[in-house]
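Student: pasting a predicted model and its sequence here:
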Amino acid sequence: MATGLGKSSAQQVASPRVDGRRERGRSSHRRIVEAMMELIVGGDLSPSAARVAEEAGIGLRTVFRHFDDMDALYAEITATITEEVMPVVMAPYPDQPWRDNIRELVGRRVRVFETTLPFRLAANIKRYQSPFLMGQYSRVVMIERELILRLLPAAVRADRIGVEALCAALSFHSWRTLRHDQSLSAEEAGTVMGRMVEAQMAAIAAD
C-alpha cells in the first residue's frame, strides 16, 4: 500500500514538469509559426529556417524539432490562414439575383485576397519545388472557380467564354497583378476588380 502511495505522489510531482515541457513546446511551436508569418507579411517572402529561428528567438534545432522541413511549416501556415478566411469564403449568400451575389463575391474576394496576398506570393516562389504547395495551389484555384460557378444560373454557365472571362476577373492572379505589379492600393484594386466584373456581367447580359 505504501509503495502505491509513493508512486502516486511521484506522479503528482512529475506531472507539472511534464505539463511545463509540453506548454513550452506548444509555445515554441506557436512562436515559430508566428515568426514565419510576420517575416512574410514584412516582405521576406522566402525566409530561411535560420531567419525564422532568429525572429522567434529560439535555436535552429528547435525549429526542426517542431517541423521536419519548410513544407511542414508552410502547411501549418496554410491551416492558420484557412481557418481565418473560410468563414468569409463559405458564408451563405442571400436569396437574390445572381448578379447581386457576384457583386457580393467581389467584396469577399477583396477581403480574402488582401488577407492572403503575402502568403500566396510567398507560396508562389516555392511551389515549383514543393509538391505540397503545388497541390495546394491547384486545390485553391479549383475551389475559387467552383464558388463562382455555383452562383451562376445554367443559362449563364452555358456561355463558356463569358464564364472564363468572369473567372479571370475574379481570380487571385488579377488581384496580384493589380496590387503587386501595378502597385494599386487595396481600395483601388477593389474598384478595378468591381469594374471588370460589372463589364463582364453586362457583356453576358447583352449576349
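Tutor: Happy to help now that I have it.

Student: for the rest of this, base every contact and every neighbour count on C-alpha atoms.
Tutor: Noted.

Student: centroid residue for the chain?
Tutor: residue 81 (4.0 Å; CA atoms, centre = their mean).

Student: how close does the closest residue to it other than its chain neighbours get to residue 198?
Tutor: Spatial nearest neighbour of residue 81, excluding adjacent residues (CA to CA, 6 or more residues apart in numbering): residue 116 at 7.2 Å. Here the criterion is CA to CA, to the nearest Å. By it, residue 116 lies 24 Å from residue 198.

Student: same thing with residue 76?
Tutor: Using CA to CA, residue 76 is found at 37 Å from residue 198.

Student: with residue 43 instead?
Tutor: Distance, residue 43 to residue 198, using CA to CA: 33 Å.

Student: who has more neighbours out of the two?
Tutor: Between residue 43 and residue 198, counted using other CA atoms under 10 Å, the more crowded position is residue 198 (17 against 13).

Student: give me the below-cutoff pLDDT ranges for the protein.
Tutor: Within the chain, the segments meeting pLDDT under 70 span 1-25, 205-207.

Student: those strands in it, which residues are they?
Tutor: Using DSSP state E, the chain contains no strands.

Student: quick check: domain ranges of it?
Tutor: 1-67, 77-207 (automatic domain parsing).

Student: look up how far residue 76 lies from residue 82.
Tutor: Using CA to CA, residue 82 is found at 10 Å from residue 76.
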